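Novice: Give me a 3D structure for the following:
(chains A and B)
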Number of protein chains: 2
Amino acid sequence: MADKYVDMDTLKYMLYDVHNLEDMLGRERFQDHDKESLDLFIDSTKTFADKELFPYMQEVDEKPAYHKDGTVYVHEQVKTMMHKGGELGLISAPFDYDDGGMQIPFMVQTATNYILNAANNHLPGYTGLTQGAAELIIHFASQELKDTFVPNMLEGKWGGTMCLTEPQAGSSLSDIVTKATPTDEGHYKISGQKIFISGGDNHFTENVVHLLLARIEGAPKGTKGISLFVVPKNRPTPDGGLESNDVTTVADFQKLGQRGYATTHLGFGDADDCQGYLVGEPNKGLHYMFMMMNGARIAVGLGSSAIASAAYYASLQYANERPQGRKLTSDGTKDINDKQALIVEHPDVRRMLLLQKAVVEGSMSLVMLASKYYDLENTATSPEEKKKYNTLLEMIIPVVKTYPSEAGAYSINNGLQILGGYGFCSDFILQLYYRDIRISSIYEGTTGIQSQDLLGRKMTMGHGEGAKLLMAEMMETIQAASQLDSLKGYAKILGDKLQLTQQILGHLMPFAMKGDYERFLADATIFMEFFSLVIMGWTWLDIGVNAQQTLINGNGNYSDDFYESKLETLEYFFAYELPKTAGHAEILMHPTTVTIKKEKEYIL
Amino acid sequence: MADKYVDMDTLKYMLYDVHNLEDMLGRERFQDHDKESLDLFIDSTKTFADKELFPYMQEVDEKPAYHKDGTVYVHEQVKTMMHKGGELGLISAPFDYDDGGMQIPFMVQTATNYILNAANNHLPGYTGLTQGAAELIIHFASQELKDTFVPNMLEGKWGGTMCLTEPQAGSSLSDIVTKATPTDEGHYKISGQKIFISGGDNHFTENVVHLLLARIEGAPKGTKGISLFVVPKNRPTPDGGLESNDVTTVADFQKLGQRGYATTHLGFGDADDCQGYLVGEPNKGLHYMFMMMNGARIAVGLGSSAIASAAYYASLQYANERPQGRKLTSDGTKDINDKQALIVEHPDVRRMLLLQKAVVEGSMSLVMLASKYYDLENTATSPEEKKKYNTLLEMIIPVVKTYPSEAGAYSINNGLQILGGYGFCSDFILQLYYRDIRISSIYEGTTGIQSQDLLGRKMTMGHGEGAKLLMAEMMETIQAASQLDSLKGYAKILGDKLQLTQQILGHLMPFAMKGDYERFLADATIFMEFFSLVIMGWTWLDIGVNAQQTLINGNGNYSDDFYESKLETLEYFFAYELPKTAGHAEILMHPTTVTIKKEKEYIL
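Specialist: Modelled structure (predicted):
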């Protein structure tokens, strides 16, 4: 077992230095907070994670959640996560004071979430989904529903879930068929099946509150006929008790990873006695759900970066402790009389470690940037400001969800490789992170779906106004980097990549204008790979500007080595990752249509 | 569970059409064979695999091999694999008639091995290692050792292993310390520990014959002091029985994948009673072992391609059965009144399937090419011919081992993605292939080690003569493709990539000439990624030439669609995979030395 899973200095550096949390604290919503009080919250989360999450990392995998006779049994630490985590404020922290929250910035929630996920990614989903479910109720439901459900959820007494997916529909929400039938008593009768419900049941919390998408009878077809309901596992009775609400755990899904995080198949209304309480207006369910989507996608991005962080420190520790082989001498041979080198000294191993570090810290900065936009949007003092930050967030969100997921898996793959044969063995943790992170490219919208969103919606948003706004932000960083001798070469490279982006869009957009959307979007995933690297080039240049300026000014909170290491990782990224865009550009501008189905089908 | 794991038409097409097995049958060693008799062997292997291997694929994973009280318990089908497989000739087939074999071409063995591994990659290792161990004895040991051990091994009554790795040495064989002490009775006393021994023990075969590397007392340091020994688990007694040879199974390794294939930690001579029998001459052990290395590396390549093949057919089947989402209409939206599309119709899914197909069939052809070189080397009628094919094999062998392993994992990753959430679930097989194939990049020399071999040894071999010979072969294919209208564009692209290869080597070689081998080899793994794609471009162009010519001549054994599908996959490869080399080239010619350790260490 490794000793370290996250570098707290780097996390706080991203929060306070690169992304200026303290500027944010000047906003009215956050005025009661200062660095000291927020550090206290962050550090107590770290203490909690050190004690209650990290030590159980291998155990939650080896003793996974399981379903038996209608009940889902989970690891003991799920209780701790919900109850102690609830006490700590991990569920309630971002909400309004009026709703029982602490009004902390989303940036801080991202930091604490990062710590929890790096320590043990199987457990924070239980509180995270409870928080998400509570958020939907708080924002869109009636006061009565709020009063009935929210307080117990924020305390961690009751869990919460999101019930979207159905067996026949998968990612295609327009095809869901779960039915809601109005009754005279104000509630609806729910009937249907939901699958892949994370945290769908557990034997510790006395209730689970499902936020469920269903169609009210007679609603329009497709996404415009979907409504949102609160459907508790147990419904509160007038006397303050709970009675069963006809929600059945039909089965669970045993999985490749995140095995401590129960994934369930739920049945609603098998005995025709399942009550659902409408949230907001009918047929607006998907709209409400989508209001939460950006937060959820940031959460997947940070979770992936966090898993990759834990994997990085595990392989770094191994590389620093494991002697093997020898350094090459000047005639290209090895001298058996030399003592064995630590594997961290081999360039190929260092390359893999730098890759891990570049992915981990780069995506940590990216999720923090997204969280900053989120806070700026939600505390904006003018409609223009709100629009600006909403647009910036919308522009980067598919990358925020996808790059940490895909590159995180790639980085862990390299981390596992550093351990050689031990990397493949269950006694070592790398194989577990390798399995866990694989879900990230799938949930909250697969990489394919995020890529369609990026190229099909975001790049064309407002006739390209969104793209222009984002490029302007990037140009600011390029401008700042150009003023620094050590960085102006990188500034030039990134500027060239922005031009390349324009060129690629200039090649692809005409297909959309001609109405050939299939061709326009056929290589959206390749465009995602390309544009993610451009975004990460920007992210690293931004970190570099901060690190270099701090070194020049000599006013940093950390050692010079700390800043030098960031500059070294920037160098790695521009030398080893960003150049891959040259290949992507060739692919994207290739005339082939081989992936588009023809009359005749050749795949055999 | 999928229905199909390998396409027999494609396998035979590679064997007979693309790589001309029948030409090989003109050689003296193979003169008793014809297509009919070999097809019978191949088809009976397929029948065996259909019945005894494929149906147990998920079960061998769910009930993995385990160690208890010094015994390793394995799945029942291990017995079937050894005994029935032995009867079928799966162990003995390639050996001389005199040694109990059938003198089949290595190409055919590659084909049958491919089938076995695609059906169930957990089991063929047991016979494969037995075959490898027998091969060492047959080639290098005394007649007495041959008579004592080989017959039972070829029948599958006794297993065999290779014992190289030790805890403190890993990939660095120069550091092994297992000791062999001469005795007056002719044998040696062995003492030491070996780890990661595949098939190291099982409770079915009555004996396991270990081929073990050890140092005879007083031997030179490093690789020049390593000898090879036969060390059976049980030693034959004069009366024809067996007695324990003081070989202990200390522990097993529970693993990410290939869980049905036992991996053990063995102790030799704990009670000072372990006899080892020297193979050949002292201190030549590593030399003997290396004579087997090319065969072993082809085996890893074919095994990886085979796992990727099974994964491809599993995701293809899913894509052909699963409806989800709708095709885009000409205004870029979806019409909810349209019926759901099968996911195979979505370009992004087709891209992933074509990727899988390109990797699977391309690497199938590559391992077949390597096997052809192997046969041509071993049946050469002149020293020049032998040298030529040995050189060609040596040149491509690091790619043959690495590309199917790395790209195979990448293709399975995409296959898993096609299944969405189901891909992450244990009920579906993709997650198992995803885990199984991960070992391929590690054993028989990690990707890092193969890459050092490719750039450091092979590209410089004979002052570049090897590279020249290989390029000449590639030029022949380019020449042939240039004559065909549909392929000359690809011929031009591949020619350009060969020039790019020269340019990269022109950039890197001077570092070696200046004695800066660390810098020369620092990016060897990136060079491997680059050169693998060039080799695969050649491989696909070669398939394309055959397919196109067959279509023109109208004399094919298969439908036109079959050949068209190969040409379509060639198109995919040149549009989506080969262009990545543009990125690799940028990386390889970048001036950075960030991965080389400096005085000062910044990684934090």
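
Novice: and A:Gly26, how many neighbours?
Specialist: A count of nearby residues for A:Gly26, using other CB atoms under 10 Å in any protein chain shown, gives 9. From N, CA and C alone the C-beta is placed, and that goes for glycine too.

Novice: For it, what are phi and psi?
Specialist: With angles defined as degrees, to the nearest 10, A:Gly26 sits at phi -70, psi -10.

Novice: Strands along chain A, start to end?
Specialist: With strands called from DSSP state E, chain A shows them at A:66-68, A:71-73, A:158-163, A:179-182, A:188-198, A:207-216, A:227-232, A:234-236, A:242-244, A:247-252, A:263-268, A:275-278.

Novice: Chain B is nearest to which of these?
Specialist: In terms of CB to the nearest CB, the element of the strands of chain A nearest to chain B is strand A:188-198, at 4.9 Å.

Novice: for the closest one, packing partners?
Specialist: Counting contacts by 3 or more CB pairs under 8 Å, 6 or more residues apart in numbering or on different chains; DSSP states H and E, strand A:188-198 packs against strand A:158-163, strand A:179-182, strand A:207-216, strand A:227-232, strand A:263-268, strand A:275-278.

Novice: Within its sheet, name the partner strands of it and how each one runs.
Specialist: According to DSSP bridges, strand A:188-198 forms sheet pairs with strand A:179-182 (antiparallel), strand A:263-268 (antiparallel), strand A:275-278 (antiparallel).

Novice: Kindly export stretch A:145-163 (C-alpha atoms) in PDB.
Specialist: Provided in PDB are the C-alpha atoms of stretch A:145-163 (Å, rounded to 0.1, in the frame of the first residue of the first chain):
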ATOM      1  CA  LEU A 145     -40.900  18.300  -0.400                       C
ATOM      2  CA  LYS A 146     -37.800  20.200   0.800                       C
ATOM      3  CA  ASP A 147     -38.900  20.100   4.400                       C
ATOM      4  CA  THR A 148     -39.800  16.400   4.100                       C
ATOM      5  CA  PHE A 149     -36.600  15.100   2.500                       C
ATOM      6  CA  VAL A 150     -33.700  17.500   2.600                       C
ATOM      7  CA  PRO A 151     -32.700  17.800   6.200                       C
ATOM      8  CA  ASN A 152     -32.200  14.000   6.600                       C
ATOM      9  CA  MET A 153     -30.300  13.900   3.400                       C
ATOM     10  CA  LEU A 154     -27.900  16.700   4.300                       C
ATOM     11  CA  GLU A 155     -27.200  14.900   7.600                       C
ATOM     12  CA  GLY A 156     -26.300  11.700   5.800                       C
ATOM     13  CA  LYS A 157     -29.200   9.900   7.500                       C
ATOM     14  CA  TRP A 158     -30.900   9.300   4.200                       C
ATOM     15  CA  GLY A 159     -29.200   8.600   0.900                       C
ATOM     16  CA  GLY A 160     -30.100   9.900  -2.500                       C
ATOM     17  CA  THR A 161     -29.800   8.700  -6.100                       C
ATOM     18  CA  MET A 162     -30.500   9.700  -9.700                       C
ATOM     19  CA  CYS A 163     -32.600   7.300 -11.600                       C
END
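
Novice: Identify each buried residue in that stretch, please.
Specialist: Buried residues in stretch A:145-163, defined by neighbour count with 16 or more other CB atoms under 10 Å in any protein chain shown: A:145-146, A:148-150, A:152-163.

Novice: what ranges of chain A fall below the confidence cut-off?
Specialist: A:1, A:601-604 (pLDDT under 70).

Novice: Domain-wise, how is it divided?
Specialist: With domains defined by automatic domain parsing, chain A comprises A:32-290, A:292-326+A:340-588.

Novice: Mind checking those domains for the one nearest to B:Ser426?
Specialist: domain A:32-290 (4.2 Å; CB to CB).

Novice: Just list the residues touching the residue nearest to the spatial centre of chain A, thanks.
Specialist: In chain A, the residue lying closest to the centroid (CA atoms, centre = their mean) is A:Val300, at 1.6 Å. Each residue near A:Val300 by CB atoms under 8 Å, 6 or more residues apart in numbering or on different chains is listed here: A:Lys401, A:Pro404, A:Ser405, A:Ser440, A:Tyr443, A:Glu444.

Novice: And those, which is closest to chain B?
Specialist: A:Tyr443 (7.1 Å).

Novice: Please report phi then psi for that closest one.
Specialist: Backbone geometry at A:Tyr443, expressed as degrees, to the nearest 10, gives phi -90, psi 170.
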